[in-house]
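1. what follows is a protein structure lacking sequence information:
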């Protein structure tokens with residue numbers, strides 16, 4: 001998470017310091033933002049921003065300007081790409097009366113930033129996105145909250161959010177494992193169903209000029225990481241949202257064959273009825289940082305890898321099964337389960353898998 005507070009006057013600099021000091025890491029995580037890479041929050045002058053505006057815009061997750069909105073619009077206009085890649089941009093007047101969500105309200109998190117900042121300084125949050133002002137949820141916000149894997153997110157967000165505003169019946173199934181992640185406000189306008197089979201067989205077809213490769217009925221949405229439900233949703237042409245909150249802890253012998261590794265991981269996940277698209281992180285010991293099988297697997301499935309020092313893993317030795325062989329090779333008694341523990345915050349799922357020199361542990365963040 002990289003947040004930049006940009007001030008123009010001494011008064012706005014003081015307000016920037018007040019906002020920065022009032023917001024903690026936890027508040028960003030609470031609204032679905034992943035700060036595990038660290039929270040970098042700095043206060044810079046407008047002249048500093050203007051001198052390197054392209055770099056700051058590209059390399060920031062959130063830009064909070066404390067000045068007039070006209071100045072901000074002219075400063076960032078040449079750097080805009082789209083709402084899926086642009087950072088959140090907010091404008092706060094220097095008296096702290098209004099906080100404006102200016103850019104990337106949903107996917108960038110500007111609307112949530114806006115509410116948090118306004119609450120912290122007693123200001124008025126100004127949010128103009130159509131779904132929010134009409135008290136509706138939004139498809140792209142469901143996706144964001146799950147850090148989810150979705151095909152054709154751009155087209156589907158436009159179609160589904162538009163229909164929500166029109167009052168169209170958008171049916172939504174949420175896997176029981178993930179219902180606790182959503183608040184009532186997130187689901188406004190959606191019709192919740194208890195079982196996937198309750199999604200009726202008749203649905204609305206995608207408009208012909210919209211290129212959607214898989215889904216054909218965009219008023220039927222399934223949120224799940226279960227392999228059988230994901231396959232069913234695909235077969236039925238339903239909109240599939242696969243949460244990416246699952247993690248894998250991994251241990252393997254040196255120079256494990258990549259094909260064997262992939263087969264074993266997919267087999268393990270299949271036995272657990274988990275879709276591989278739900279894996280957001282892989283974790284192992286730093287000794288395996290250059291292991292080809294791990295690198296090729298993570299690259300193929302778009303999964304981020306994190307590698308831990310032996311002393312980090314050793315902190316959890318008393319919790320999990322120990323192996324003298326693993327200790328001899330790596331310097332620690334176990335790798336997969338402690339790595340999974342760190343990634344999942346201690347929330348492991350099921351039993352550890354061990355075969356063909358590969359150990360795997362599944363968890364959920």
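-> Looks like it arrived, so ask away. Being a predicted model, the structure only gives us computed values, none of them experimental.
2. next helix or strand past the helix or strand encompassing residue 74?
-> Assigned by DSSP states H and E, residue 74 belongs to helix 69-76. Downstream of helix 69-76, the next assigned helix or strand under DSSP H and E is strand 88-92.
3. show me what the helix or strand following that following strand pairs with in its sheet, parallel or antiparallel.
-> The helix or strand immediately downstream of strand 88-92 is strand 98-103, counting by DSSP H and E. Note on strand 98-103: by DSSP bridges, its sheet partners are strand 88-92 (antiparallel), strand 124-126 (parallel).
4. what mean pLDDT would you report for the longest one?
-> The average pLDDT within strand 88-92 is 96.
5. quick check: angle from it to helix 69-76?
-> Interaxial angle of strand 88-92 relative to helix 69-76 (axes from the mean of the first three to the mean of the last three CA atoms, to 10 degrees): 150 degrees.
6. now tell me what touches strand 88-92 from outside.
-> Applying CB atoms under 8 Å, 6 or more residues apart in numbering, the contact partners of strand 88-92 are 12, 15, 19, 61-69, 72, 76, 98-105, 108-110, 113-114, 117, 123. Just so you know, the C-beta spots here come from the backbone N, C-alpha and C atoms, and that holds for glycine as well.
7. mark which of those are buried, thanks.
-> 12, 15, 19, 61-67, 69, 72, 76, 99-105, 108-110, 113-114, 117, 123 (16 or more other CB atoms under 10 Å).
8. any regions of the stretch 201-350 of the chain where pLDDT drops low?
-> By pLDDT under 70, the weakly predicted segments of the stretch 201-350 of the chain are 201-217.
9. same thing but at 80, please
-> Low-confidence segments of the stretch 201-350 of the chain, defined by pLDDT under 80: 201-218, 333.
10. just the helices from it, written as ranges.
-> For the stretch 201-350 of the chain, applying DSSP state H, counting those that start in this stretch gives helices covering 227-236, 258-271, 292-301, 310-314, 324-330, 336-344.
11. can you put the ones you listed in a markdown table and add distance to residue 57 and mean neighbour count?
-> Below are the helices of the stretch 201-350 of the chain laid out as a markdown table (distance: least, CB to CB, whole Å; neighbours: other CB atoms under 10 Å):
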| stretch | distance to residue 57 | mean neighbour count |
| --- | --- | --- |
| helix 227-236 | 36 | 17 |
| helix 258-271 | 38 | 17 |
| helix 292-301 | 28 | 16 |
| helix 310-314 | 35 | 16 |
| helix 324-330 | 43 | 13 |
| helix 336-344 | 31 | 25 |
